[in-house]
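Novice: Here is a sequence together with a model predicted from it:
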Amino acid sequence: MSKHDHGHEGAGGHAGHAHGVAADADRRWLTIALLLITGFMAVEVVIGVAAQSLALISDAAHMLTDAVSIVFALIAMRLAARPAKGAFTFGLKRAEILSAQVNGLSLLLLGAWLAYESIERLIDPPAVKGGLVLATALAGIAVNVAAAWCISKANRSSLNVEGAYQHILNDLFAFAGTAVAGLIVLTTGFVQADAIATLVVVALMFKAGYGLIRESGRIFLEAAPAHIDPDEVGDKLVAQDGVVEVHDLHVWQITSGQNALSAHVLVEDGADCHTARRALEQLLQHDYGITHTTLQVDHAIEAALEPAEIGSGHCADPHGPVHLNAAHAH
């Protein structure tokens, strides 16, 4: 059996798999959260200006990024649901990763601006109305709890939905800090508490923003999923019965929760290539949850006869380490 045939069999191993996107239920929960957030945000801006509270204004600004993140999530879901066609052989599934990067970047940029404003207010604090701040923050906590609950009902395995959830969760913590600041201003007159609460919000924004950019960046750079060690995978594959060598092993994420793997596998001369491929696919699915696999399986002796492959890991331009079965190593 030719190498070309084996390669197609490997690719066909995932032909029946469905790479689902978020269901209509996810969009419904996200839309409810969006309405809650935008409605309260408009009220909070007015109260924040009236109370001269940067903490409230920063919370409102953070809620604006919450709303934008949910809008991006909804748009990305629509794009990701489109079937693969033309040049986009995976469809537009990575639209959600773009959305996650925008969410993370918006948190970092907004946090930087709020940090600057809060430092200015620490030096020259305005007369903050603590009662208004406290009452509004308590209402904000209730709204964010409801919004966070709505998004928690959606599919959080999506980095896109998780990005929106992190926005709202951070806003919930921010409102708690603002409520404490309002109480301090109201009871002690220490108006700098408002700016200090804003700095707490900024720290939370930086943490969430960095996390989103880091995780989405790993996907764009084709890094292996954080919980999968490619060397461990290669060693486990080559340890299976009849397998002589595994090389050109690639593990990456198409999008959140959709991992893919490809590899060139050499088996013993008398081994059945199709049986070996099916066994390896079952191992990958059972041990690592990888169902989108492309395995090119060849007999080791046939591969060694090709001049371009002799002495180069059986490939003219090999990628990554070569995993050898100890029983067949020379």
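Specialist: Received the coordinates, thanks.
Novice: ok, then the element right after the one helix or strand G177 maps to?
Specialist: According to DSSP states H and E, G177 maps onto helix 159-188. The helix or strand immediately downstream of helix 159-188 is helix 192-220, counting by DSSP H and E.
Novice: list the buried ones in that next one?
Specialist: Neighbour counts over helix 192-220 (16 or more other CB atoms under 10 Å) mark 192-206, 208-209, 211-213, 215-216, 218-219 as buried. Placement of C-beta: from N, CA and C, glycine included.
Novice: got the angle for it vs helix 159-188?
Specialist: Using axes from the mean of the first three to the mean of the last three CA atoms, to 10 degrees, the direction of helix 192-220 lies 170 degrees away from that of helix 159-188.
Novice: What is helix 192-220 packed up against?
Specialist: helix 54-80, helix 95-123, helix 159-188, strand 243-255 (3 or more CB pairs under 8 Å, 6 or more residues apart in numbering; DSSP states H and E).
Novice: Show me the shaky parts of the stretch 151-300 of the chain.
Specialist: Applying pLDDT under 70 to the stretch 151-300 of the chain flags the ranges 155-160.
Novice: rewinding a little: make a markdown table out of the helices and strands packed on helix 192-220 and add mean neighbour count.
Specialist: Putting the helices and strands packed on helix 192-220 into a markdown table (neighbours: other CB atoms under 10 Å) gives the following:
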| stretch | mean neighbour count |
| --- | --- |
| helix 54-80 | 24 |
| helix 95-123 | 20 |
| helix 159-188 | 24 |
| strand 243-255 | 21 |
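Novice: got these as a markdown table, with distance to I32 columns?
Specialist: Converted to a markdown table, the helices and strands packed on helix 192-220 look like this (distance: least, CB to CB, whole Å):
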| stretch | distance to I32 |
| --- | --- |
| helix 54-80 | 10 |
| helix 95-123 | 19 |
| helix 159-188 | 12 |
| strand 243-255 | 24 |
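Novice: do you know which of those lies nearest A271?
Specialist: Closest approach to A271 among the helices and strands packed on helix 192-220 is made by strand 243-255 (8.0 Å; CB to CB).
Novice: Work out the sheet partners of the helix or strand that the closest one is followed by and label each with its direction, please.
Specialist: Counting by DSSP H and E, the next helix or strand C-terminal to strand 243-255 is strand 258-267. Strand pairing for strand 258-267, determined by DSSP bridges: strand 243-255 (antiparallel), strand 292-299 (parallel).
Novice: May I have the last one exported as CSV, CA atoms only?
Specialist: Extracted C-alpha coordinates of strand 292-299, given in CSV (Å, rounded to 0.1, in the frame of the first residue of the first chain):
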residue,chain,number,x,y,z
HIS,A,292,-9.1,15.5,14.9
THR,A,293,-6.1,13.4,13.8
THR,A,294,-4.1,13.0,10.6
LEU,A,295,-1.8,10.0,10.7
GLN,A,296,0.4,9.1,7.8
VAL,A,297,1.3,5.4,8.4
ASP,A,298,4.0,3.7,6.4
HIS,A,299,6.1,0.5,6.6
